[in-house]
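*Asks:* build the 3D model from these lines:
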Amino acid sequence: MDSIESADEHTPLVTEVKPKRGRTTSESVRPRKERTTSMSGTGSDGERGRERTFSASDMELELCGCAGSCFCHPQAFLHRVFGLSLMCLLGFGSYFCFDNPGALQSELKESMNITTAQFSNLYSWYSWPNVVLPIVGGFLMDRVLGTRFGTICFAFIIVIGQAIFAFGGFLDRLWVMEIGRFVFGIGGESLAVAQNTYAVAWFKGKELNMVFGFQLSVARVGSTVNFLLMGPLFEAISEYVDGPTAVGWTLLIAGTSCLMSFTCALMLAWMDKRRNRLLCISEVGESGEVVKLSDVKSFPMSFWFLTLACLAYYGAIFPFVSLAQDFFKTKWHMSSQEANKIIGLVYLVSAPASPLLGLMIDKTGRNITWVFLAVLASIGCHCLLAFTMLSPYIGICILGVAYSLLASALWPIAALLIPEYQLGTAYGLMQAIQNLGTALITMAAGSIVDDDPSYKWLEVFFIGWLVVSLMSTVCIWICDCATSGYINMSIPERQEFDARRIADEEAARRRRMTSYTMLRPRTSTSLRNRYLSRIGAGLPSHFGHGALITKSLRDQ
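*Replies:* From the prediction side, this is the model:
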């Protein structure tokens, strides 16, 4: 009996095939309607055999009139550059206002008469809503609000949160300011998710890593401008009003950057809708893919070590930046403006370094090695700041480079560990756990400073967390060596490994398609023989070919 296949490369005659996970049947029939769903940008080069998707810009489209000009055509270079500028500015206001308390640490503590622990709660309240929101944020964007409307909503939320934060300054009420930071946190992290969603939709493919680098650089510039601008702005306003009122006006003026982000969200929504209409791109949510929280049970152990490394590292960086002003003023007797300039160097150095380091890792691979070196360099920087009197510019500049190197090497590891259709859940879980750790570590750091104003024990506390991150990185390497070693391979080694895996999967598929036993119908005789073979009963020789059938079934 011949297999039910055509003669052309063993292709099945049945034309209706079951769609693979992460792709609907309609997407297989209508490739122009395909919607990219992964943020990893690795395509079929991943470890788990993920589908290769493409950018809408890869398919040329001719338009007539103004719509076909270099500024209006959705595939034109200038049009896409303008869209990228809006995506970058979309997160500028959020990052600028996030570190407003850090740039005004001394001013807030003196004007409102609060302790360091109370001041650090302003950062903790930002992190609390993001313990949950990153997990459900993807669901809200994909299933409820949509990318465009969701981005507008989150941009509006950060405007409201910053306004409440400034209103608390006018009232001289710390609890009102904490509510403002809580509301601001609801929109801040979710807006970053929306920003990445736009980037994937517009620049899926070889441009995506560069686009992420530009977005990260503009975000760091926003943080740097905050540390350079807020101090002089407060001093200028203090010449006309005093105390909490000056704090309120300073924060309110800073909130105009959030209005700029909200305007960018409106413009980007219109451009994205027009682009999808002209390029015939399906909207988010039409793929029919369902992501379940139970997927986390299948995550490998190395992913959880990765999450712990992320929590421990960022828990030693973000709280340090938020509390570093008084540290530099106490140990090196600096003014507030001088201290803010040094703190801003962490982000200023990382702004140009992030795209360059990301490109280097794209060419070399070895992600675990780079993460290990970044954490080790960060430990050295904190030791220089804590136990020596060397210029703090040395330690801070090295810390900025190490910070960029870790971000460029650590986050892509998740895409190498987790299948593409589960990446949203994985990244959301990592961000949620990171925000939980940051909130708790910031609260603990504030209490340590109140008990020891010399900041020495605070630096020891941060070094301890960096050691935890270093040990977690070693555990990731051990788990990787115990399996295929894929994460720490070089790029040529990964390409060779992927080629072998794809060839093995294709060979296995052909063996399955040409197998006789898959298509043979079950008869009463075969069912009887299968039962007898399982219980170990032998068949008499006078049963003819029954013994042969039993042997075949045993081999399955």
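*Asks:* for Leu104, give me the pLDDT.
*Replies:* We have a pLDDT of 88 for Leu104.
*Asks:* the one 4 residues further on too?
*Replies:* Note on Leu108: pLDDT of 88.
*Asks:* that one against Thr250, yeah?
*Replies:* No. Leu108 is beyond contact range of Thr250, at 9.8 Å (criterion: CB atoms under 8 Å). (C-beta placed from N, C-alpha, C; glycine too.)
*Asks:* what comes up buried for the helix or strand hosting Ile463?
*Replies:* Element membership for Ile463, per DSSP states H and E: helix 456-482. Buried positions in helix 456-482, judged by neighbour count with 16 or more other CB atoms under 10 Å: 458-459, 461-463, 465-466, 468-470, 472-473, 475-477, 479-480.
*Asks:* picking up where we left off before, overlap of the contact sets of Leu108 and Thr250?
*Replies:* Counting by CB atoms under 8 Å, 6 or more residues apart in numbering, Leu108 and Thr250 have no contacts in common.
*Asks:* show me what the helix holding Ile463 packs onto, helices and strands only.
*Replies:* When contacts are defined as 3 or more CB pairs under 8 Å, 6 or more residues apart in numbering; DSSP states H and E, helix 456-482 packs onto helix 301-331, helix 367-387, helix 423-451.
*Asks:* next helix or strand past the helix or strand of the chain with the lowest mean pLDDT?
*Replies:* Least confident helix or strand, the chain: helix 25-29 with a mean of 37, by mean pLDDT, DSSP states H and E. The first helix or strand that comes after helix 25-29 along the chain, using DSSP H and E, is helix 77-90.
*Asks:* which helices and strands does the helix or strand that that next one is followed by pack with?
*Replies:* Sequence order places helix 92-98 as the next helix or strand after helix 77-90, per DSSP H and E. Using 3+ CB pairs under 8 Å, 6+ apart, the elements in contact with helix 92-98 are helix 147-171, helix 174-203, helix 208-238, helix 256-279.
*Asks:* show the average pLDDT along helix 92-98.
*Replies:* For helix 92-98, the mean pLDDT works out to 88.
*Asks:* what does it contact?
*Replies:* 126, 155, 158, 162, 165, 184, 187-188, 191-192, 218-223, 225-226, 254-255, 257-262.
*Asks:* name the nearest residue to Ala386, sequence neighbours excluded.
*Replies:* In space, Ala386 comes closest to Glu459 once its chain neighbours are excluded; the distance is 3.4 Å by CB to CB, 6 or more residues apart in numbering.
*Asks:* could you tell me the angle between the helix or strand hosting Ala415 and helix 208-238?
*Replies:* In this assignment (DSSP H and E), Ala415 forms part of helix 392-417. Between the axes of helix 392-417 and helix 208-238, defined by axes from the mean of the first three to the mean of the last three CA atoms, to 10 degrees, the angle is 140 degrees.
*Asks:* list the residues that contact the residue nearest to Ala386.
*Replies:* By CB under 8 Å, 6+ apart, the contact list for Glu459 reads 382, 385-386.
*Asks:* of these, which is the most crowded?
*Replies:* In terms of neighbours by other CB atoms under 10 Å, the contacts of Glu459 top out with Leu385 at 25 neighbours.
*Asks:* with adjacent residues omitted, what lies nearest to that one?
*Replies:* Gly395 is the one closest to Leu385 (CB to CB, 6+ apart), at 4.7 Å.
*Asks:* can you show me the CA trace of stretch 397-415 as PDB?
*Replies:* Extracted C-alpha coordinates of stretch 397-415, given in PDB (Å, rounded to 0.1, in the frame of the first residue of the first chain):
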ATOM      1  CA  CYS A 397      31.600  56.700  33.900                       C
ATOM      2  CA  ILE A 398      32.600  53.000  34.100                       C
ATOM      3  CA  LEU A 399      29.200  52.300  35.800                       C
ATOM      4  CA  GLY A 400      27.400  53.900  32.800                       C
ATOM      5  CA  VAL A 401      29.300  51.700  30.300                       C
ATOM      6  CA  ALA A 402      28.700  48.600  32.500                       C
ATOM      7  CA  TYR A 403      25.000  49.500  32.800                       C
ATOM      8  CA  SER A 404      24.600  49.700  29.000                       C
ATOM      9  CA  LEU A 405      26.600  46.500  28.400                       C
ATOM     10  CA  LEU A 406      24.300  44.500  30.800                       C
ATOM     11  CA  ALA A 407      21.100  45.900  29.300                       C
ATOM     12  CA  SER A 408      22.300  45.000  25.800                       C
ATOM     13  CA  ALA A 409      23.400  41.500  26.800                       C
ATOM     14  CA  LEU A 410      20.800  40.400  29.500                       C
ATOM     15  CA  TRP A 411      17.400  41.100  28.000                       C
ATOM     16  CA  PRO A 412      18.000  39.200  24.700                       C
ATOM     17  CA  ILE A 413      18.800  36.100  26.700                       C
ATOM     18  CA  ALA A 414      15.100  35.600  27.400                       C
ATOM     19  CA  ALA A 415      14.500  35.400  23.600                       C
END
